[in-house]
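Asker: Provided below are the primary sequence and the corresponding predicted coordinates.
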Amino acid sequence: MHIGFIGLGKMGFNLVKNLMDHGHTVVGYDINETLVAEVRTEGAQGVNSLEDLYKNLPEKRVLWLMIPAGPLVDNVIEQLLAFMQPGDVVIDGGNSHYKDSIRRHTYLKEKGIGFLDCGTSGGISGALSGACTMVGGDPDVIEPLNGVFQDISVKDGYLYTGAAGSGHFTKMVHNGIEYGMMQSIAEGFEVLQKSQFDLDFEAVAKMWNHGSVIRSWLMELTEDAFSKDAKLESIKGKMFSSGEGKWTLETALDLGVPTPVIALSLIMRYRSLQDDTFTGKVVAALRNEFGGHAVEKK
Ligand SMILES: O=C(O)[C@H](O)[C@@H](O)[C@H](O)[C@H](O)COP(=O)(O)O
């Protein structure tokens, strides 16, 4: 199949290679001309404008977006609307909010244009050699594209999740789970690190990856990280986040679902961005006031 691919960053570039490895023809565009030049060397047709991308695709165009979530997605869709025809399909493979995807689906459907929301997991390596994809949208729009999603995904790693928005919704919840699992692994290693035992963290992670209940890809990545830096001395413990844990928590609150692990995992990420907090000062001062407990002076 011919696919127009917009966004040749770490994930997009590898997905393009993955698509081509499976015999698909890709026209790739990115605002960064260096990435366009690089994708040409991989055998894709690289173009320097959305218009060129569109012109170089056969009718019933498939336009795959792999760009940062938020207003940029609306912006690119608006630019594409200058050319798009009924029968074209937009796939949003990024980490968009599912409510935005439902809105975009309705908006494009009114114009006869299909919209699929594709949650893409598995990181950069998965994008290259077998992703995990969860895709929502109308059945008649997904039908001709089932094979493409199967091609780029690992065996059994593709699911048509149903109505528009359900792909990104499923991916959002996946990421909420991801926050909790990562936080739990990290806390466990901090207990090991603070203990009286001189443990080799890489060796522990490796052993846990062989036969233990908690063996997992995340534990394998933990092992990899410790193999590169035995005590993680070269990095700071700042945990950034791009929004999906927050959205999972907001959704859980709306639904009345208690999700303490995901909530605290998110809050710990925010806390990690602060060196010292005023909250901490207030609590320390109060303990000192009522109990005479020591405070640490600056
Ligand atoms: O499933 C995946 O492959 C990851 O979840 C991927 O989508 C990305 O690494 C996260 O979006 C990072 O999310 P945070 O920045 O919120 O940690």
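Answerer: Looks like it came in fine.

Asker: Where does the closest residue to L232 other than its chain neighbours sit, in terms of helix or strand?
Answerer: By the measure of CB to CB, 6 or more residues apart in numbering, the closest residue to L232 outside its immediate chain neighbours is A225, 6.9 Å from it. For glycine as for every other residue, the C-beta is placed from the backbone atoms N, C-alpha and C. Taking DSSP states H and E as the definition, one finds A225 inside helix 217-228.

Asker: in that helix, what's buried?
Answerer: 218-219, 222-223, 225-226 (16 or more other CB atoms under 10 Å).

Asker: how close does G122 get to L116?
Answerer: 18 Å (CB to CB, to the nearest Å).

Asker: Show me which of the two is the more surrounded one.
Answerer: Between G122 and L116, counted using other CB atoms under 10 Å, L116 has the larger neighbour count: 24 against 20.

Asker: That one - that's part of a helix, no?
Answerer: No. Read with DSSP: H, G, I helix; E, B strand; the rest coil, L116 is strand and lies in no helix.

Asker: let's number from 42 now, not from 1
Answerer: Sure thing, new numbering starts at 42, so read that last one as L157.

Asker: and it, what does it touch?
Answerer: By CB atoms under 8 Å, 6 or more residues apart in numbering, the contact list for L157 reads 130-133, 176-178, 182-183, 186, 208.

Asker: Same check on G111?
Answerer: Here G111 is in contact with S137 (CB under 8 Å, 6+ apart).

Asker: Excluding residues flanking it in the chain, which one is nearest whatever residue of the stretch 42-191 of the chain ends up closest to the ligand?
Answerer: For the stretch 42-191 of the chain, the residue closest to the ligand is S162, as judged by CB to the nearest ligand atom, at 3.2 Å. Of all residues not flanking S162 in the chain, C173 sits nearest, at 4.2 Å (CB to CB, 6+ apart).

Asker: so that neighbour sits right up against G167, yeah?
Answerer: Yes. The pair C173 / G167 is scored as a contact, 6.3 Å apart, by CB atoms under 8 Å.

Asker: quick one: common contacting residues for the two?
Answerer: Counting by CB under 8 Å, 6+ apart, the common neighbours of C173 and G167 are V195.

Asker: Wasn't V195 part of a strand?
Answerer: Yes. When three-state DSSP is applied, V195 is found to be in a strand.

Asker: Distance across stretch 185-203, terminal residue to terminal residue?
Answerer: 15 Å (CA to CA, to the nearest Å).

Asker: If you count neighbours, what's buried in it?
Answerer: So, applying 16+ other CB under 10 Å, buried residues of stretch 185-203: 186, 189-190, 192-194, 198-203.

Asker: Quick one: mean pLDDT over that stretch.
Answerer: Confidence for stretch 185-203, expressed as mean pLDDT, is 98.

Asker: Stretch 129-140 now?
Answerer: 98.

Asker: If we go by neighbour counts, what in that stretch is buried?
Answerer: The neighbour-count check on stretch 129-140 (16+ other CB under 10 Å) flags 129-139 as buried.

Asker: Tell me which of those fall in helices.
Answerer: For the buried residues of stretch 129-140, the ones inside helices are Y139, with DSSP state H as the criterion.

Asker: and the buried residues of stretch 129-140 near the ligand, which?
Answerer: N136 (CB under 6 Å from any ligand atom).

Asker: Narrow the buried residues of stretch 129-140 to those in strands?
Answerer: If you go by DSSP state E, the buried residues of stretch 129-140 have 130-133 in strands.
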